[in-house]
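# dropping a prediction and its sequence here:
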Amino acid sequence: MDNNTISCSNGTKNENGNGNGNGVDGKSYALNGYRKSCWYEEEIEEDLRWCFALNSILHTGHSQFQDIALLDTKPFGKALVIDGKLQSAETDEFIYHECLVHPALLHHPNPKTIFIMGGGEGSTARELLRHKAVEKVIMCDIDEEVVQFCKSHLVVNREAFSDPRLELVINDARAELEHREKQYDVIVGDLADPIEGGPCYKLYTKSFYELIVKPRLTPDGIFVTQAGPAGIFSHTEVFSCIYNTLRQVFKYVVPYSAHIPSYADTWGWVMASDKPFVLNADELDIRIKQRIKGENRYFDGKTFTSASTLSKAVRKSLFNETHIYTEGSAKFIYGYGSAGK
């Protein structure tokens, strides 16, 4: 994890009880086998770092594709870190996953079949399976070790993993969609961020959306993807070009965003379809009551109205964006994946 470190100072013994100064990936971890406090630090940009205190390091590992760590953080609870990028934190992951899932499913007239690209931690499946109409969810993740890791450690998603409506497939999402003839009501892109050397950036390209995703959608089908940082300064990394790329493929494209505290930024999603998105806040609330089991913690009609009303600066950037995401002209957020080392 080249773009993040875990560092500790004198105090209590580390969990290994050793004093060799080595921790996650050989980074500085403890002095003389003792520590007072331990901190996770992530390099968000070259001159900007985000750090918070840890209770402990629960697990670290390396898969064929990615570095994996599960941290017990003081401000955000358990946090999943992949390739040095925080993916999900216990205390606020509901914001991300409710925003990713519910707008698309609520706008669809009758969402029965769903395909998730990625989603290995199980939280996206959990939110999808709360919808009463859903009959089948295919979760396709390339990294079996991440999936098994999350099944073992993330208690909140154990019910989703055992739901009979969920089919888990370990494969590259592109290859899986290519060989399946079936169409889906909603396709969800819950992929890792497009970072150089990471396994996912090719799944943000125009050719992928046009030749693989769109043909696998039903006539009323909706595609939604996480689209990276969407803050006042960070939205030009990938958010604006993912939005513009989808505009080349679908007739109706809606960008929206929300602040995720553990990400230290506003995050973006983009929803796309060849059918217009016409529901207002009150209509969304009616569908929430009719369709979803349990109560959302974050998302409702007014929240979506707010989330899809972007600031002047971001709206201007999206309107003027000309970059189209292709394999030859890919854009990346800051960082570097272990697969490319």
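Perfect, I can see it now. None of these values were measured; they are calculated from a predicted model.
# can you map out the helices along the stretch 151-300 of the chain?
158-161, 173-179, 206-208, 239-247, 281-291 (DSSP state H, counting those that start in this stretch).
# TSV for these, including distance to V101?
C-beta coordinates here come from the backbone N, C-alpha and C atoms, glycine included. As requested, the helices of the stretch 151-300 of the chain are arranged in TSV below (distance: least, Cβ to Cβ, whole Å):
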stretch	distance to V101
helix 158-161	12
helix 173-179	17
helix 206-208	21
helix 239-247	18
helix 281-291	12
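# right, so of those helices, which gets closest to E98?
helix 281-291 (10.5 Å; Cβ to Cβ).
# quick one: contacts of the closest one?
With contact meaning Cβ atoms under 8 Å, 6 or more residues apart in numbering, helix 281-291 is reached by 102, 105-106, 131-133, 279, 296, 299-302, 304-305.
# before we move on, the earlier item: would you mind finding the most buried of the helices of the stretch 151-300 of the chain?
Ranked by mean neighbour count, the helices of the stretch 151-300 of the chain are led by helix 239-247 with a mean of 26 (mean count of other Cβ atoms under 10 Å).
# in CSV, list the helices of the stretch 151-300 of the chain along with mean pLDDT and distance to F233.
Shown next, in CSV, are the helices of the stretch 151-300 of the chain (pLDDT from 0 to 100; distance: least, Cβ to Cβ, whole Å):
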stretch, mean pLDDT, distance to F233
helix 158-161, 95, 35
helix 173-179, 95, 30
helix 206-208, 97, 25
helix 239-247, 98, 11
helix 281-291, 98, 29
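# out of those helices, flag the one nearest S88.
Closest of those to S88 is helix 158-161, at 13.8 Å (criterion: Cβ to Cβ).
# counting contacts, what elements does that closest one pack onto?
Helices and strands touching helix 158-161, by 3 or more Cβ pairs under 8 Å, 6 or more residues apart in numbering; DSSP states H and E, are helix 123-128.
# can you tell me which helix in the protein is longest?
Ranked by number of residues, the top helix in the chain under DSSP state H is helix 93-107.
# partner strands of the next helix or strand after it and their direction?
Sequence-wise, the next helix or strand downstream of helix 93-107 (DSSP states H and E) is strand 113-118. Paired strands of strand 113-118, with direction, are strand 136-141 (parallel), strand 184-190 (parallel) (DSSP bridges).
# to L217, which of the helices of the stretch 151-300 of the chain lies closest?
Closest among those, using Cβ to Cβ: helix 173-179, at 10.4 Å.
# mind checking how far that closest one is from the chain centre?
Mean C-alpha position of helix 173-179 versus that of the full chain (Cα atoms, centre = their mean, to the nearest Å) differs by 19 Å.
# what does stretch 48-57 give?
Centre to centre, stretch against its chain (Cα atoms, centre = their mean), the figure for stretch 48-57 is 20 Å.
# going forward, begin numbering at 819 instead of 1
Happy to do that; since the first residue is 819 now, the last one works out to stretch 866-875.
# okay, buried residues for that stretch please.
For stretch 866-875, burial by neighbour count (16 or more other Cβ atoms under 10 Å) applies to W868, F870, L872, I875.
# list the contacts for the most centrally placed residue in the chain?
Geometric centre of the chain, nearest residue: D1008, 4.7 Å, by Cα atoms, centre = their mean. Counting by Cβ under 8 Å, 6+ apart, D1008 touches L918, I934, M935, G936, G937, T942, T1043, Q1044.
# if we ignore the residues flanking it in sequence, what's nearest it?
In space, and not counting its chain neighbours, D1008 is closest to G937: 4.0 Å by Cβ to Cβ, 6 or more residues apart in numbering.
# cool, and D981?
Leaving aside its sequence neighbours, D981 sits nearest to L947 (Cβ to Cβ, 6+ apart; 5.2 Å).
# distance of that neighbour from K1111?
9 Å (Cβ to Cβ, to the nearest Å).
# so who does the residue nearest to D981 touch?
Applying Cβ under 8 Å, 6+ apart, the residues near L947 are V955, A978, D981, R983, L984.
# quick check: bridge partners of the last one?
Applying DSSP bridges to L984 yields these beta-bridge partners: V955.
# if I read this right, it contacts E953, doesn't it?
No. Using Cβ atoms under 8 Å, L984 makes no contact with E953, being 11.1 Å away.
# could you check which of the two is surrounded by more residues?
Using other Cβ atoms under 10 Å as the criterion, L984 and E953 rank with L984 on top: 20 against 12.
# any idea how far L923 is from N1138?
Distance, N1138 to L923, by Cβ to Cβ: 31 Å.
# who has more neighbours, the two?
The neighbour comparison of N1138 against L923 (other Cβ under 10 Å) goes to L923, with 24 against 9.
# ok, which of the helices of the stretch 969-1118 of the chain comes nearest D1038?
Closest among the helices of the stretch 969-1118 of the chain, using Cβ to Cβ: helix 1099-1109, at 14.5 Å.
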